[in-house]
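**Q** pasted the sequence and its predicted model underneath.
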Amino acid sequence: MNANVTILLWKDGHLVDRRDGHNVWLDMGRNYLAHLAGQDSYEGGGAITEERRIHYMGFGIGSKRQICMNLVNVPPYSTYYPGTHLQDSRYPTMPTISKLERPILITGEWIDDEPVGTWLKEPPLPGFWASFMTPGEGEVVYHSVINSDIEIFLMGPVFYEMPISEIALFLSDADPSVKDNPAVAYHSFATILFMQGMQMEVLWKVRF
C-alpha cells in the first residue's frame, strides 16, 4: 500500500527526519464521505446533504507508536498533556479510533494550569494548506507547515522538545478551542522529536 501521509522535519533548511505512512479513515470520516457523495432525494435532482469540508489538522503525543515513553509519561508532559497510548492506525479497531489520544495545543497559553487557545490548525494561518485543494488524479493534497518559533512552544511550561506521534484531520465544524474533537482521518507514526528552531511539514493526500 503506497504511503499517503508524509511528514518532514526541517532545521536550518536541511531535512533532518522523515516519516511516510498510510492513514486510516475513522467512522466519522466514512460517514462523511457517504453523505458527501449522496443527496437527500433523487426526485428533481435532490439536495446536497453535506456542506462541511475537511478544514483542520491536529497533532498529538499519544498512540502505540510513541517511542519516547520515558519522556511523555513524566512532567511536564504527563501534567499538561495526560492520556493513553492505545491507538495505532495500522490496527484501527483495537480499540476503535475516533480522535487524538493526547492532543497538543497549537497556540495559546496556560491559565491556572489550564490550557486556553487553539488545538487545531486551520487554513487562514500562514503556511497552512499551501495547496488548499489540489485536485489531481483522484486525490486532494493537504499541506501544513508547523513553525516552532511561533507555535507549540510559546506557552505555559518550558517544553524543550515535543515528541509528536499522531496527527488527524477534522471537519470545518470542529471547535479549535476544544481539546477533544472527533476526527475523520488518523495517522500514528514513530515519534518525531520536534524541537525549537525546527519546522514540521505534513503532506497528506486523500485519494479516491
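**A** Received the coordinates, thanks.

**Q** what's the next secondary structure element after the lengthiest helix in the chain?
**A** Determined from DSSP state H, the single longest helix within the chain is helix 27-37. As assigned by DSSP states H and E, the chain's next helix or strand after helix 27-37 is strand 54-60.

**Q** and H14, what are its bridge partners?
**A** K11 (DSSP bridges).

**Q** number of residues surrounding it?
**A** Using other CB atoms under 10 Å, H14 has 7 neighbouring residues. For the C-beta atoms, the positions are set from N, CA and C on the backbone; glycine is no exception.

**Q** and it, how far from S98?
**A** Plainly put, H14 is 37 Å away from S98 if you go by CB to CB, to the nearest Å.

**Q** now the nearest residue to A190 once chain neighbours are set aside. Its backbone dihedrals?
**A** Spatial nearest neighbour of A190, excluding adjacent residues (CB to CB, 6 or more residues apart in numbering): R65 at 5.4 Å. Main-chain torsions, R65, degrees, to the nearest 10: phi -80, psi -10.

**Q** close enough to count as contact, R65 and F189?
**A** Yes. Assessed by CB atoms under 8 Å, R65 is found in contact with F189 at 5.4 Å.

**Q** joint contacts of those two?
**A** Listed contacts common to R65 and F189 are S165, E166; contacts here mean CB atoms under 8 Å, 6 or more residues apart in numbering.

**Q** ok so, going back, how distant is the longest helix of the chain from the center of its chain?
**A** Offset of helix 27-37 from its chain centre (CA atoms, centre = their mean, to the nearest Å): 18 Å.

**Q** rewinding a little: what is the neighbour count of the residue nearest to A190?
**A** By the criterion of other CB under 10 Å, R65 has 19 neighbours.

**Q** state the distance from it to P75.
**A** According to CB to CB, R65 stands 22 Å off from P75.

**Q** could you do F59 as well?
**A** For F59, the distance to P75 - CB to CB - is 20 Å.

**Q** and the two? Which one has more around it.
**A** F59 (27 against 8).

**Q** dump the residue contacts of the more buried one.
**A** By CB under 8 Å, 6+ apart, F59 lies in contact with L100, P103, I104, I106, K121, I146, I152, I164, E166, I167.

**Q** for ChimeraX, write the select line for the buried members of these.
**A** Buried residues among these (16 or more other CB atoms under 10 Å), as a ChimeraX selection:
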select :100,103,104,106,121,146,152,164,166,167
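
**Q** from the contacts of F59, pick the one nearest R207.
**A** I167 (17.0 Å; CB to CB).

**Q** what's opposite the closest one in the beta bridge?
**A** Beta-bridge partners recorded for I167 (DSSP bridges): F59, H187.

**Q** contacts only, for it.
**A** The contact partners of I167, by CB under 8 Å, 6+ apart, come to V5, I7, M57, G58, F59, G60, L100, Y186, H187, F189, V202, W204.

**Q** the third one and E166 touch, don't they?
**A** No. Applying CB under 8 Å as the test, M57 and E166 come out as separate, 11.3 Å apart.
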